[in-house]
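Trainee: Dropping a prediction and its sequence here:
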Amino acid sequence: MNFQMTSLFNVGEQLTKLLQSCGDPCGHVMAKKMGVTPMTIHRWKKSPDMKLGRIVDIAEYFGMTFEEFLDWEET
């Protein structure tokens, strides 16, 4: 049997929206506070998926739970 998993949720797109909403579209502030380079943030923004632990770290950066990060929509 061959299973193929498809994702309807794009982590990078969600991160991009959150960064834009908080006035840090390039992620420079986030990079500094998380101890990574701006290039790392750029790669995360382009990534459709990533490790669960990293998503949790990103959610916590924004003061959210994992579930809140997944459900977040700009109002």
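Mentor: On my side now, so go ahead. Numbering: from 1, shown residues only.

Trainee: Tell me how far stretch 57-70 lies from the chain's centre.
Mentor: Using CA atoms, centre = their mean, to the nearest Å, the mean C-alpha position of stretch 57-70 is found 9 Å from that of the whole chain.

Trainee: residues contacting the most centrally placed residue in the chain?
Mentor: For the chain, the residue nearest the mean C-alpha position is residue 15 (3.4 Å; CA atoms, centre = their mean). Residues near residue 15 by CB atoms under 8 Å, 6 or more residues apart in numbering: 27, 41, 44-45, 58. In short, each C-beta sits where N, CA and C put it, glycine included.

Trainee: Could you do residue 57 as well?
Mentor: residue 34.

Trainee: Just the element for it, please.
Mentor: Counting by DSSP states H and E, the element that carries residue 57 is helix 52-61.

Trainee: Tell me the buried residues in that helix?
Mentor: 55, 58-59, 61 (16 or more other CB atoms under 10 Å).

Trainee: Output those in JSON lines; the columns should cover pLDDT.
Mentor: Below are these laid out as JSON lines (pLDDT from 0 to 100):
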{"residue": "55", "pLDDT": "94"}
{"residue": "58", "pLDDT": "96"}
{"residue": "59", "pLDDT": "96"}
{"residue": "61", "pLDDT": "97"}
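
Trainee: And for the closest residue to residue 62 other than its chain neighbours, the neighbour number?
Mentor: The shortest distance from residue 62 to any non-neighbouring residue, by CB to CB, 6 or more residues apart in numbering, is to residue 18 (5.7 Å). By the criterion of other CB atoms under 10 Å, residue 18 has 20 neighbours.
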